[in-house]
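Enquirer: Take this sequence and fold it.
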Amino acid sequence: MTDEGFVFSEKPLAIASGEGMALTGENGTDYLDFGASYACTPLGHSPPDVVEAIREQAGDLLYVQGSYPVAVRTALRERLAEAAPGDLSKVWLCNSGTEANEAALKFARSATGREKVVATKRAFHGRTLGALSLTWKDAYRDPFGPLPGAVEFVPYGDDDALAGAVDDDTAAVFLEPIQGEGGVHCAGDSYLQTAREQTAEAGAALVLDEIQTGLGRTGTLWACEAAGVVPDIITTAKGLASGLPLGATLCADWVAEDAGNHGSTFAGNPLVAAAADATLAGLLAQNVPENAADVGSYLQSELRAAVDAHDLPVRDVRGQGLMVGIEVKRGAMGVLRDLALNERILALPAGRSVVRLLPPLVAETQHADTVVEALVEVLT
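Expert: Numbers count the residues shown, from 1 in each chain. Prediction:
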(Lines give C-alpha, C1' and ligand atoms only; values in the text may rest on other atoms or scores of the structure.)
Protein backbone atom coordinates (compact mmCIF):
# COMPACT_ATOMS: atom_id res chain seq x y z
CA MET A 1 0.00 0.00 0.00
CA THR A 2 1.28 3.49 -0.85
CA ASP A 3 1.27 6.30 1.70
CA GLU A 4 -1.65 7.85 -0.19
CA GLY A 5 -3.62 4.62 0.16
CA PHE A 6 -3.97 5.05 3.91
CA VAL A 7 -5.98 8.29 3.65
CA PHE A 8 -6.53 9.36 0.04
CA SER A 9 -7.77 7.36 -2.93
CA GLU A 10 -5.27 8.09 -5.69
CA LYS A 11 -6.77 10.18 -8.49
CA PRO A 12 -6.12 9.53 -12.20
CA LEU A 13 -4.50 12.97 -12.52
CA ALA A 14 -0.72 13.05 -12.12
CA ILE A 15 0.30 16.64 -11.30
CA ALA A 16 3.62 18.02 -12.52
CA SER A 17 3.58 21.73 -11.62
CA GLY A 18 1.48 24.62 -10.43
CA GLU A 19 1.35 28.38 -10.77
CA GLY A 20 -1.21 30.78 -9.34
CA MET A 21 -4.70 29.36 -9.70
CA ALA A 22 -3.63 26.50 -11.99
CA LEU A 23 -2.22 23.01 -11.63
CA THR A 24 -0.68 21.31 -14.67
CA GLY A 25 -0.80 17.58 -15.20
CA GLU A 26 2.06 15.46 -16.49
CA ASN A 27 0.24 15.31 -19.82
CA GLY A 28 0.23 19.12 -20.08
CA THR A 29 -3.44 19.61 -19.14
CA ASP A 30 -4.15 22.71 -17.04
CA TYR A 31 -6.70 22.55 -14.23
CA LEU A 32 -8.33 25.45 -12.40
CA ASP A 33 -7.70 24.60 -8.74
CA PHE A 34 -10.77 25.35 -6.60
CA GLY A 35 -9.73 23.05 -3.77
CA ALA A 36 -6.23 24.34 -3.00
CA SER A 37 -5.43 20.88 -1.60
CA TYR A 38 -7.74 21.53 1.35
CA ALA A 39 -6.95 25.26 1.65
CA CYS A 40 -3.16 24.82 1.68
CA THR A 41 -2.23 27.35 -1.03
CA PRO A 42 -3.84 30.69 -0.06
CA LEU A 43 -1.58 32.76 -2.33
CA GLY A 44 -1.85 30.31 -5.19
CA HIS A 45 0.68 27.74 -6.29
CA SER A 46 4.39 28.60 -6.04
CA PRO A 47 3.96 32.28 -5.10
CA PRO A 48 7.23 34.02 -6.10
CA ASP A 49 7.93 35.72 -2.76
CA VAL A 50 7.46 32.47 -0.86
CA VAL A 51 9.61 30.52 -3.32
CA GLU A 52 12.38 33.12 -3.01
CA ALA A 53 12.20 33.07 0.80
CA ILE A 54 12.61 29.27 0.73
CA ARG A 55 15.59 29.49 -1.62
CA GLU A 56 17.35 32.10 0.51
CA GLN A 57 16.77 30.20 3.74
CA ALA A 58 17.89 26.90 2.19
CA GLY A 59 21.23 28.52 1.41
CA ASP A 60 21.68 29.68 5.01
CA LEU A 61 20.27 26.99 7.28
CA LEU A 62 17.97 24.02 6.74
CA TYR A 63 17.53 22.98 10.35
CA VAL A 64 18.61 23.61 13.89
CA GLN A 65 16.85 22.45 17.04
CA GLY A 66 14.31 24.83 18.54
CA SER A 67 16.29 25.80 21.65
CA TYR A 68 18.65 27.86 19.44
CA PRO A 69 17.26 31.26 18.46
CA VAL A 70 16.96 31.66 14.69
CA ALA A 71 15.98 35.00 13.19
CA VAL A 72 13.39 33.66 10.75
CA ARG A 73 11.67 31.57 13.42
CA THR A 74 11.57 34.53 15.80
CA ALA A 75 10.18 36.76 13.03
CA LEU A 76 7.38 34.30 12.30
CA ARG A 77 6.38 34.03 15.95
CA GLU A 78 6.27 37.82 16.21
CA ARG A 79 4.24 38.20 13.02
CA LEU A 80 1.75 35.56 14.18
CA ALA A 81 1.41 37.21 17.59
CA GLU A 82 0.76 40.58 15.93
CA ALA A 83 -1.82 39.07 13.58
CA ALA A 84 -3.65 37.14 16.31
CA PRO A 85 -6.92 38.51 17.69
CA GLY A 86 -6.95 39.98 21.18
CA ASP A 87 -4.16 38.93 23.49
CA LEU A 88 -3.22 35.59 21.92
CA SER A 89 0.45 36.51 21.87
CA LYS A 90 2.01 33.20 22.91
CA VAL A 91 2.88 31.04 19.89
CA TRP A 92 3.69 27.33 19.75
CA LEU A 93 4.92 26.09 16.35
CA CYS A 94 4.49 22.50 15.21
CA ASN A 95 4.19 20.48 12.02
CA SER A 96 0.47 20.10 11.27
CA GLY A 97 -3.04 21.05 12.24
CA THR A 98 -3.49 17.81 14.11
CA GLU A 99 -0.42 18.57 16.22
CA ALA A 100 -1.70 22.09 16.85
CA ASN A 101 -4.94 20.63 18.22
CA GLU A 102 -3.05 18.03 20.27
CA ALA A 103 -1.05 20.86 21.83
CA ALA A 104 -4.21 22.88 22.48
CA LEU A 105 -5.77 19.91 24.25
CA LYS A 106 -2.71 19.41 26.43
CA PHE A 107 -2.35 23.11 27.21
CA ALA A 108 -6.02 23.48 28.19
CA ARG A 109 -5.91 20.47 30.50
CA SER A 110 -2.71 21.61 32.14
CA ALA A 111 -3.84 25.22 32.58
CA THR A 112 -7.23 24.29 34.07
CA GLY A 113 -6.31 21.07 35.88
CA ARG A 114 -9.44 19.50 34.42
CA GLU A 115 -10.13 16.62 32.01
CA LYS A 116 -13.57 17.04 30.42
CA VAL A 117 -13.76 18.48 26.90
CA VAL A 118 -16.84 19.54 24.95
CA ALA A 119 -16.79 19.13 21.17
CA THR A 120 -19.48 19.02 18.50
CA LYS A 121 -21.20 16.52 16.30
CA ARG A 122 -19.81 16.48 12.72
CA ALA A 123 -16.55 17.95 14.07
CA PHE A 124 -13.17 17.08 12.57
CA HIS A 125 -10.03 18.03 14.53
CA GLY A 126 -7.45 15.50 13.32
CA ARG A 127 -6.39 11.87 13.15
CA THR A 128 -3.89 11.32 15.99
CA LEU A 129 -5.43 9.78 19.10
CA GLY A 130 -5.90 12.98 21.11
CA ALA A 131 -7.29 15.00 18.20
CA LEU A 132 -9.29 11.98 17.06
CA SER A 133 -11.04 11.86 20.42
CA LEU A 134 -12.45 15.32 19.52
CA THR A 135 -13.52 14.14 16.05
CA TRP A 136 -17.10 12.91 15.87
CA LYS A 137 -17.46 10.63 12.85
CA ASP A 138 -17.43 6.92 13.72
CA ALA A 139 -15.64 6.01 10.50
CA TYR A 140 -12.60 7.93 11.71
CA ARG A 141 -12.83 6.75 15.33
CA ASP A 142 -13.98 3.14 15.49
CA PRO A 143 -10.88 1.35 14.15
CA PHE A 144 -8.72 2.96 16.84
CA GLY A 145 -10.86 2.85 19.98
CA PRO A 146 -11.05 3.12 22.85
CA LEU A 147 -9.89 6.71 22.52
CA PRO A 148 -8.44 8.76 25.36
CA GLY A 149 -10.22 11.45 27.27
CA ALA A 150 -13.65 12.44 28.51
CA VAL A 151 -15.25 14.15 25.50
CA GLU A 152 -18.92 15.15 25.36
CA PHE A 153 -20.35 15.83 21.89
CA VAL A 154 -23.17 18.34 21.44
CA PRO A 155 -25.15 19.37 18.33
CA TYR A 156 -23.30 22.01 16.34
CA GLY A 157 -24.98 25.42 16.38
CA ASP A 158 -27.30 24.65 19.32
CA ASP A 159 -26.70 27.36 21.92
CA ASP A 160 -28.73 25.68 24.65
CA ALA A 161 -27.06 22.29 24.22
CA LEU A 162 -23.64 23.89 24.40
CA ALA A 163 -24.50 25.92 27.48
CA GLY A 164 -25.88 22.82 29.19
CA ALA A 165 -22.69 20.84 28.56
CA VAL A 166 -20.18 23.36 29.93
CA ASP A 167 -19.70 23.05 33.69
CA ASP A 168 -17.07 23.39 36.41
CA ASP A 169 -15.40 20.14 35.28
CA THR A 170 -14.83 21.39 31.73
CA ALA A 171 -11.25 22.01 30.63
CA ALA A 172 -12.07 23.23 27.14
CA VAL A 173 -14.64 23.64 24.41
CA PHE A 174 -13.32 22.85 20.92
CA LEU A 175 -15.19 24.43 18.00
CA GLU A 176 -14.70 25.09 14.30
CA PRO A 177 -16.22 28.50 13.40
CA ILE A 178 -17.30 26.78 10.18
CA GLN A 179 -17.26 23.00 9.95
CA GLY A 180 -15.25 21.95 6.92
CA GLU A 181 -15.21 18.15 6.78
CA GLY A 182 -18.64 18.18 8.43
CA GLY A 183 -20.28 19.75 5.37
CA VAL A 184 -19.45 23.49 5.42
CA HIS A 185 -21.84 24.44 8.21
CA CYS A 186 -21.54 27.92 9.74
CA ALA A 187 -21.88 28.27 13.49
CA GLY A 188 -23.28 31.78 13.49
CA ASP A 189 -22.19 34.70 15.64
CA SER A 190 -24.51 33.95 18.57
CA TYR A 191 -23.18 30.41 18.89
CA LEU A 192 -19.57 31.53 19.15
CA GLN A 193 -20.61 34.28 21.56
CA THR A 194 -22.46 31.75 23.72
CA ALA A 195 -19.34 29.55 23.74
CA ARG A 196 -17.25 32.53 24.83
CA GLU A 197 -19.65 33.46 27.63
CA GLN A 198 -20.08 29.92 28.96
CA THR A 199 -16.38 29.04 28.98
CA ALA A 200 -15.44 32.33 30.64
CA GLU A 201 -18.04 31.74 33.36
CA ALA A 202 -16.86 28.16 33.95
CA GLY A 203 -13.14 28.98 33.86
CA ALA A 204 -12.68 26.71 30.83
CA ALA A 205 -10.65 27.42 27.70
CA LEU A 206 -12.42 28.24 24.45
CA VAL A 207 -10.40 26.63 21.65
CA LEU A 208 -11.25 27.64 18.09
CA ASP A 209 -9.94 25.33 15.40
CA GLU A 210 -9.22 27.76 12.56
CA ILE A 211 -7.07 25.32 10.63
CA GLN A 212 -9.35 25.60 7.62
CA THR A 213 -11.15 28.89 8.33
CA GLY A 214 -8.17 31.04 9.33
CA LEU A 215 -5.67 33.17 7.41
CA GLY A 216 -8.30 35.16 5.54
CA ARG A 217 -10.42 32.38 4.04
CA THR A 218 -13.76 33.58 5.40
CA GLY A 219 -13.23 37.28 4.69
CA THR A 220 -11.46 38.28 7.90
CA LEU A 221 -8.02 37.09 8.93
CA TRP A 222 -9.66 34.87 11.56
CA ALA A 223 -13.26 33.71 11.27
CA CYS A 224 -13.92 34.49 14.94
CA GLU A 225 -13.32 38.19 14.31
CA ALA A 226 -16.61 38.48 12.43
CA ALA A 227 -18.41 37.39 15.60
CA GLY A 228 -16.40 39.71 17.85
CA VAL A 229 -15.08 36.71 19.79
CA VAL A 230 -11.54 36.25 21.12
CA PRO A 231 -10.91 32.65 22.24
CA ASP A 232 -8.26 31.47 24.68
CA ILE A 233 -6.57 29.33 22.03
CA ILE A 234 -6.59 29.38 18.23
CA THR A 235 -5.10 26.59 16.14
CA THR A 236 -3.98 27.17 12.57
CA ALA A 237 -2.15 25.25 9.84
CA LYS A 238 -3.15 24.33 6.23
CA GLY A 239 -2.03 27.37 4.21
CA LEU A 240 0.18 28.89 6.88
CA ALA A 241 3.35 27.96 4.97
CA SER A 242 1.82 27.70 1.49
CA GLY A 243 1.53 23.94 1.79
CA LEU A 244 4.75 23.15 3.62
CA PRO A 245 4.15 21.29 6.92
CA LEU A 246 3.53 23.83 9.65
CA GLY A 247 0.93 24.35 12.35
CA ALA A 248 0.64 26.83 15.20
CA THR A 249 -1.20 27.08 18.50
CA LEU A 250 -1.80 30.66 19.66
CA CYS A 251 -2.56 31.04 23.37
CA ALA A 252 -3.63 33.66 25.87
CA ASP A 253 -1.24 34.40 28.70
CA TRP A 254 -3.21 32.50 31.33
CA VAL A 255 -3.03 29.31 29.27
CA ALA A 256 0.65 29.71 28.38
CA GLU A 257 1.67 30.37 31.98
CA ASP A 258 0.65 26.85 33.03
CA ALA A 259 0.70 24.98 29.72
CA GLY A 260 2.87 22.13 30.96
CA ASN A 261 5.88 20.51 29.32
CA HIS A 262 5.51 20.03 25.57
CA GLY A 263 7.99 19.70 22.71
CA SER A 264 8.62 18.64 19.14
CA THR A 265 11.91 18.00 17.31
CA PHE A 266 11.02 19.71 14.03
CA ALA A 267 8.75 22.45 15.39
CA GLY A 268 9.60 25.79 13.81
CA ASN A 269 11.92 24.33 11.19
CA PRO A 270 13.77 27.37 9.74
CA LEU A 271 13.01 26.51 6.10
CA VAL A 272 9.29 26.12 6.76
CA ALA A 273 9.29 29.18 9.03
CA ALA A 274 10.70 31.24 6.14
CA ALA A 275 7.89 30.03 3.88
CA ALA A 276 5.29 30.84 6.55
CA ASP A 277 6.66 34.30 7.29
CA ALA A 278 6.58 35.16 3.59
CA THR A 279 3.09 33.68 3.22
CA LEU A 280 1.67 35.64 6.15
CA ALA A 281 3.36 38.82 4.95
CA GLY A 282 1.78 38.32 1.52
CA LEU A 283 -1.67 37.65 2.97
CA LEU A 284 -1.55 40.93 4.88
CA ALA A 285 0.12 43.09 2.22
CA GLN A 286 -2.19 41.97 -0.59
CA ASN A 287 -5.44 42.48 1.38
CA VAL A 288 -6.26 38.83 0.78
CA PRO A 289 -9.06 38.59 3.40
CA GLU A 290 -10.91 41.43 1.68
CA ASN A 291 -10.57 39.71 -1.67
CA ALA A 292 -11.89 36.48 -0.19
CA ALA A 293 -14.92 38.33 1.16
CA ASP A 294 -15.68 40.05 -2.15
CA VAL A 295 -15.07 37.14 -4.51
CA GLY A 296 -16.72 34.70 -2.10
CA SER A 297 -19.86 36.81 -1.91
CA TYR A 298 -19.94 37.07 -5.70
CA LEU A 299 -19.41 33.32 -6.10
CA GLN A 300 -22.24 32.40 -3.74
CA SER A 301 -24.58 34.92 -5.34
CA GLU A 302 -23.86 33.57 -8.84
CA LEU A 303 -24.24 29.97 -7.66
CA ARG A 304 -27.66 30.67 -6.14
CA ALA A 305 -28.76 32.51 -9.26
CA ALA A 306 -27.64 29.59 -11.43
CA VAL A 307 -29.49 27.09 -9.24
CA ASP A 308 -32.71 29.06 -9.68
CA ALA A 309 -32.25 29.82 -13.37
CA HIS A 310 -31.44 26.24 -14.39
CA ASP A 311 -33.42 24.37 -11.71
CA LEU A 312 -30.25 22.58 -10.68
CA PRO A 313 -30.42 19.57 -8.31
CA VAL A 314 -28.96 21.55 -5.40
CA ARG A 315 -30.39 21.67 -1.89
CA ASP A 316 -28.27 24.48 -0.51
CA VAL A 317 -25.37 26.85 -1.16
CA ARG A 318 -23.67 27.96 2.04
CA GLY A 319 -20.43 29.21 3.49
CA GLN A 320 -18.50 32.36 4.14
CA GLY A 321 -15.85 34.08 2.04
CA LEU A 322 -14.03 31.55 -0.12
CA MET A 323 -15.17 28.56 1.92
CA VAL A 324 -18.28 27.41 0.06
CA GLY A 325 -20.36 24.24 0.24
CA ILE A 326 -22.83 23.15 -2.45
CA GLU A 327 -25.16 20.43 -1.20
CA VAL A 328 -26.26 18.44 -4.22
CA LYS A 329 -29.13 15.98 -4.56
CA ARG A 330 -26.84 13.26 -5.89
CA GLY A 331 -23.45 12.00 -4.82
CA ALA A 332 -20.79 14.68 -4.60
CA MET A 333 -18.05 12.36 -5.85
CA GLY A 334 -19.69 12.01 -9.26
CA VAL A 335 -19.92 15.78 -9.58
CA LEU A 336 -16.28 16.17 -8.61
CA ARG A 337 -15.22 13.52 -11.12
CA ASP A 338 -17.09 15.23 -13.94
CA LEU A 339 -15.74 18.64 -12.98
CA ALA A 340 -12.19 17.35 -13.11
CA LEU A 341 -12.33 15.14 -16.19
CA ASN A 342 -14.78 17.12 -18.33
CA GLU A 343 -14.39 20.72 -17.14
CA ARG A 344 -10.78 20.66 -15.84
CA ILE A 345 -11.77 22.11 -12.48
CA LEU A 346 -10.60 20.60 -9.19
CA ALA A 347 -12.79 20.79 -6.08
CA LEU A 348 -13.32 18.76 -2.91
CA PRO A 349 -15.96 16.71 -1.10
CA ALA A 350 -17.34 17.44 2.36
CA GLY A 351 -19.19 14.27 3.14
CA ARG A 352 -21.24 12.35 0.58
CA SER A 353 -23.41 15.15 -0.76
CA VAL A 354 -21.44 18.41 -0.48
CA VAL A 355 -19.11 19.83 -3.12
CA ARG A 356 -16.62 22.02 -1.27
CA LEU A 357 -14.88 25.01 -2.87
CA LEU A 358 -11.69 26.20 -1.14
CA PRO A 359 -9.79 28.03 -3.88
CA PRO A 360 -6.62 30.04 -3.40
CA LEU A 361 -7.60 33.36 -1.84
CA VAL A 362 -6.25 35.27 -4.84
CA ALA A 363 -9.15 33.96 -6.97
CA GLU A 364 -10.92 36.56 -9.12
CA THR A 365 -14.52 36.91 -10.28
CA GLN A 366 -13.59 35.48 -13.68
CA HIS A 367 -12.53 32.27 -11.96
CA ALA A 368 -15.83 32.21 -10.09
CA ASP A 369 -17.70 32.60 -13.38
CA THR A 370 -15.79 29.67 -14.88
CA VAL A 371 -16.68 27.44 -11.94
CA VAL A 372 -20.37 28.40 -11.99
CA GLU A 373 -20.60 27.71 -15.74
CA ALA A 374 -18.90 24.35 -15.26
CA LEU A 375 -21.22 23.35 -12.44
CA VAL A 376 -24.26 24.22 -14.54
CA GLU A 377 -22.88 22.00 -17.31
CA VAL A 378 -22.19 19.09 -14.95
CA LEU A 379 -25.40 19.32 -12.92
CA THR A 380 -27.70 19.58 -15.94
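Enquirer: Once you drop chain neighbours, what's closest to Thr213?
Expert: Ala223 (4.0 Å; CB to CB, 6 or more residues apart in numbering). In short, each C-beta sits where N, CA and C put it, glycine included.
Enquirer: before we move on, what about Leu280?
Expert: Closest to Leu280 by CB to CB, 6+ apart is Arg79, at 5.3 Å.
Enquirer: so where does the one you found fall, helix or strand?
Expert: Element membership for Arg79 (DSSP states H and E) is helix 71-83.
Enquirer: next one: the next helix or strand after that helix to chain centre, how far?
Expert: The helix or strand immediately downstream of helix 71-83 is strand 90-94, counting by DSSP H and E. With CA atoms, centre = their mean, to the nearest Å as the basis, strand 90-94 stands 16 Å off its chain's centre.
Enquirer: what angle separates the helix or strand just after strand 90-94 from strand 90-94?
Expert: Next helix or strand after strand 90-94 toward the C-terminus (DSSP H and E): helix 97-112. Angle of helix 97-112 versus strand 90-94, following axes from the mean of the first three to the mean of the last three CA atoms, to 10 degrees, is 140 degrees.
Enquirer: Please work out which residues outside the helix or strand just after helix 97-112 touch it.
Expert: Scanning forward in sequence from helix 97-112 by DSSP H and E, the next helix or strand is strand 116-120. If you take CB atoms under 8 Å, 6 or more residues apart in numbering as the criterion, strand 116-120 is touched by 105, 108, 125, 133-136, 149-156, 162, 165-167, 169-176, 179.
Enquirer: who touches the residue nearest to Leu280 in this structure?
Expert: Taking CB under 8 Å, 6+ apart as the criterion, Arg79 is in contact with 277, 280-281.
Enquirer: And for Ala274?
Expert: Contacts for Ala274 (CB under 8 Å, 6+ apart) come out as 53-54, 56-57, 72.
Enquirer: again with Tyr63
Expert: Listed by CB under 8 Å, 6+ apart, the contact set of Tyr63 reads 266, 269-271.
Enquirer: got it, and Ser89?
Expert: Ser89 neighbours (CB under 8 Å, 6+ apart): 81, 250, 253.
Enquirer: buried subset of the residues you listed?
Expert: Buried members of the contacts of Ser89, scored by 16 or more other CB atoms under 10 Å, are Leu250.
Enquirer: ok, so of the contacts of Ser89, who is nearest Asp311?
Expert: Taking CB to CB as the measure, Asp311 sits nearest to Leu250 out of the contacts of Ser89, at 45.6 Å.
Enquirer: Was I right to think Ala39 contacts Ala237?
Expert: No - look at Ala39 against Ala237 with CB atoms under 8 Å: they stay out of range, at 9.4 Å.
Enquirer: Wait, a strand at Val355?
Expert: Yes - assessed with DSSP: H, G, I helix; E, B strand; the rest coil, Val355 lies in a strand.
Enquirer: List of residues touching stretch 96-108?
Expert: So stretch 96-108 is contacted by 92, 94, 117, 125-128, 130-131, 134, 149, 171-172, 174, 204-205, 207, 209, 211, 232-233, 235-238, 245-249, 251, 255-256, 259-260, 262, 264 (CB under 8 Å, 6+ apart).
Enquirer: what about 7 Å?
Expert: With CB atoms under 7 Å, 6 or more residues apart in numbering as the test, stretch 96-108 has contacts from 92, 94, 117, 125-128, 130-131, 134, 171-172, 205, 207, 209, 211, 233, 235-238, 245, 247-249, 251, 255, 259-260, 262, 264.
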